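Peer 1: Structure of the sequence below:
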Amino acid sequence: MNRLSRMQTVLLIAFLVITWGVNWPVTKFALQFTPPILFSGMRTLLGGIFLLVAALPKYKSVRFRTNWHIYAISALLNIILYYGLQTVGLQHLPSGLFSVLVFLQPVLVGIFSWLWLGEPMYRVKIFGLALGFAGVATIGLGGLSGHISAVGILLGLGSALSWALGTVYVKKAGENVDSIWLVTLQLIAGGLFMTGIGAATESWSAIVWSMPYIVSLLFISIFVIAIGWSVFFILIGSGEASKVAANTFLIPLVAIAVGVIFLHERFTAYLLAGLVLIMVSIYCVNRKPKRAAAVT
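Peer 2: Prediction:
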């Protein structure tokens, strides 16, 4: 995949941070109108269908017989487990706190990329990843009051792990497949699976087809799912997975800000301290050391 210019990278990261940050409170809002698993399946399936329109002209590059296992593993990690655990978990925690738990993903990606992709690991990057973990831990500890669900915390951590594994897997195997078909097929496969599970365990009649719900569903399906995942994999394919993932630490900033303003969620000193640590973490991970020995 061709490398992006600095300006292209900045613009794509800005789009991803804003769109995926808004996703959390919008999803939290939409869950007032729909059962969680059906919603998770519908938004993912719709996203895949929208993207299919753009993918069809490149149908010859699918090579399904050769690459079916790549599509299947990516769908399992990045869609079924990630979105399934996320959608259920959001019922147990505030959207800002849950998004922070999920964004342990950059720390895990940094470790997995070093172990499995051979990406360089420098002391300053280790320090940055540690700061990111400290920021997440600070915010998490601030939320550990009596009303916080342990199940929600475990679901958030599980979502982070599945996304991290999926990101590193796509970075490693993605060169063998067309990127738009990778995103399209994983969305359709994951969406069909989750919609099927939702149809078997939940009721379609429980969905309230109001205009706010429909707008939320379309926004998430088009911008967060279809375009967002395409942008994410473009970024991962064009640079170090660990550095791209570290920038997603910014997403909880947007999620928390929107949650506080529109959903009246609490903003605490723990959140402020954690977010400061996260900002410093991103700087350290992306800083190119002048004279630093790689960790082996």
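
Peer 1: can you give me the helices in the protein?
Peer 2: For the chain, applying DSSP state H gives helices covering 6-30, 36-55, 64-75, 82-89, 95-102, 105-112, 123-142, 150-173, 179-201, 211-219, 228-238, 241-247, 251-262, 269-286.

Peer 1: Single out the most deeply packed of these.
Peer 2: Stretch with highest mean neighbour count among these: helix 95-102 (a mean of 28; mean count of other CB atoms under 10 Å). (Glycine included, C-beta is placed from N, CA and C.)

Peer 1: ok, Leu38 touching Gly196?
Peer 2: No. Here Leu38 does not reach Gly196: they are 10.0 Å apart, not a contact under CB atoms under 8 Å.

Peer 1: if we can go back for a sec, tabulate the helices of the chain in TSV, adding columns for mean pLDDT.
Peer 2: Formatted as TSV, the helices of the chain follow (pLDDT from 0 to 100):
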stretch	mean pLDDT
helix 6-30	86
helix 36-55	92
helix 64-75	90
helix 82-89	83
helix 95-102	72
helix 105-112	84
helix 123-142	77
helix 150-173	89
helix 179-201	92
helix 211-219	96
helix 228-238	85
helix 241-247	73
helix 251-262	74
helix 269-286	79
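
Peer 1: Could you pull up the residues touching the closest residue to Met42 other than its chain neighbours?
Peer 2: If the residues on either side of it in the chain are set aside, Met42 comes closest to Thr195, at 6.2 Å by CB to CB, 6 or more residues apart in numbering. By CB atoms under 8 Å, 6 or more residues apart in numbering, the contact list for Thr195 reads 38, 41-42, 45.

Peer 1: Turn those residues into CSV, including distance to Ser113.
Peer 2: Output for the contacts of Thr195, formatted as CSV (distance: CB to CB, whole Å):
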residue, distance to Ser113
Leu38, 34
Gly41, 30
Met42, 32
Leu45, 30
